[in-house]
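1. Turn this into a model:
(one chain, ligands or ions: 1)
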Amino acid sequence: MKKKLVEKDHSSALLELRDVGKYFGGLKAVDHVNISVNEGDLHCLIGPNGAGKSTIFKMVMGVYKPTMGSIYFKNKNITNLKSWDRVRQGVSIKMQIPGVFGELTVYENMKIAAQRYYRHSELKNKILEICDLLGITHLRDEIVNNLSHGQQQWLEIGMSLASDPELLLLDEPAAGMGPEETNFTAELIRKLNQKGITILFIDHDMDFVKKIARKVTVLHFGKTFAEGSVEEIESNQDVVDIYLGKS
Ligand SMILES: Nc1ncnc2c1ncn2[C@@H]1O[C@H](COP(=O)(O)OP(=O)(O)OP(=O)(O)O)[C@@H](O)[C@H]1O
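-> Below is the predicted model of the structure:
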């Protein structure tokens, strides 16, 4: 059973950062940021290197404690919850750096990720269901080191789905992929979103962002610089000047 949380509040957002900041000594990596990720949305964070995107992900997952402000998930304050408790509440993440076990098979990797959430009798079906969703069922007995970069990334997305998240954070999900794998990843993310998973992702590749994002938040020097649809962001001259014009 999911843990009951204190401090209820009312909002339509699934995830909310309220006046959140993270300071490293004198460096304001994230500074007075307010972000609302609506239920069912496909929301992207963009911004120059060092803008604070990864720091936001780490605060949402409980790796960093905010210096200021609060983080709400499903209208409940999760700011002080441990990482594992946030996962139990329905938040999951796929980091950019691969976290798969290369010497093991796809199935064994999935089993490691899923076994803490499912009884032995349910495990196999759940793993096969996720592999099917990712289009990697035919690779289930393959050693992970033999997979392509893209296939390893999809496996990792699969591992992050093992906890049945309502919100999935993806850090540059198509980084290092060629055009075909990038297209497949865009399709996969759309499919997960259509299945009801709210997605917040970080990306630098505007072509990829354009394929899938419905809302974009632009960060700059730790602050929210602009927010809107892809069209609104692309036609914002200030955003072009600080970021898009340089990419
Ligand atoms: N643990 C830390 N200690 C000190 N400074 C940090 C730490 N983590 C991040 N920073 C600094 O905070 C700022 C924001 O970093 P962050 O990694 O969040 O940016 P980013 O937008 O994700 O950048 P990139 O696109 O390059 O990944 C940077 O100046 C970075 O050097």
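2. I figured Leu155 was touching Val144, is that so?
-> Yes: with the criterion set as C-beta atoms under 8 Å, Leu155 and Val144 qualify as a contacting pair; they are 6.7 Å apart. Where C-beta positions appear, they are placed from N, C-alpha and C, glycine not excepted.
3. Now do the shared contacts for these two.
-> The contact sets of Leu155 and Val144 overlap at 100, 106, 109 (C-beta atoms under 8 Å, 6 or more residues apart in numbering).
4. Kindly indicate the member of the residues you listed with the most neighbours.
-> Across the shared contacts of Leu155 and Val144, the neighbour count under other C-beta atoms under 10 Å reaches its highest value at Val106, namely 28 neighbours.
5. so how far is stretch 207-221 from its chain's centroid?
-> 13 Å (C-alpha atoms, centre = their mean, to the nearest Å).
6. Please apply the same query to stretch 103-116.
-> 20 Å.
7. Check which residues of that stretch are buried.
-> Buried residues in stretch 103-116, defined by neighbour count with 16 or more other C-beta atoms under 10 Å: 105-107, 109-111, 113-114.
8. show me where pLDDT drops low in the protein?
-> Counting by pLDDT under 70, the chain contains low-confidence ranges at 1-11, 96-98, 246-247.
9. Spatially central residue for it, please.
-> Centre of the chain computed as the mean C-alpha position; nearest residue by C-alpha atoms, centre = their mean is Leu169, 1.0 Å away.
10. So what pairs up with that one in the strands?
-> Ile93, Leu200 (DSSP bridges).
11. Would you mind confirming that it is in contact with Ile197?
-> No: with contact defined as C-beta under 8 Å, Leu169 does not reach Ile197; the gap is 10.8 Å.
12. So for Leu155 and Val144, which residue has more residues nearby?
-> Leu155 (25 against 20).
13. And the more buried one, how close does it get to the ligand?
-> When distance is defined by C-beta to the nearest ligand atom, to the nearest Å, Leu155 is 23 Å away from the ligand.
14. Repeat that for Asn49.
-> Taking C-beta to the nearest ligand atom, one finds Asn49 at 3 Å from the ligand.
15. quick one: that residue is in a helix?
-> No: residue assignment for Asn49, taken from DSSP: H, G, I helix; E, B strand; the rest coil, gives coil, which places it outside any helix.
16. Report the contact partners of it.
-> For Asn49, no contacting residues are found, by C-beta under 8 Å, 6+ apart.
17. Could you list the buried residues of stretch 20-36?
-> Neighbour counts using 16+ other C-beta under 10 Å place 20-22, 28-31, 33, 35-36 of stretch 20-36 among the buried residues.
18. and this structure, which residues reach the ligand?
-> With C-beta under 6 Å from any ligand atom as the criterion, the chain comes near the ligand at residues 24, 27, 29, 47, 49-55.
19. out of those, what pair is the most spread apart?
-> Farthest pair in the residues of the chain next to the ligand (C-beta to C-beta) is Phe24 and Gly47. Separation: 17.3 Å.
20. Run through who's touching the helix or strand harbouring Thr185.
-> Using DSSP states H and E, Thr185 sits in helix 179-194. The list of residues contacting helix 179-194 from outside it, by C-beta under 8 Å, 6+ apart, reads 40, 42, 133-135, 148-150, 153-154, 157, 161, 168, 170, 173-174, 177, 199, 201, 205, 208, 211-212.
21. same thing with stretch 109-124?
-> When contacts are taken as C-beta under 8 Å, 6+ apart, the neighbours of stretch 109-124 outside the stretch itself are 100-101, 104, 126-127, 130-131, 140, 144, 155, 158-160, 162-164.
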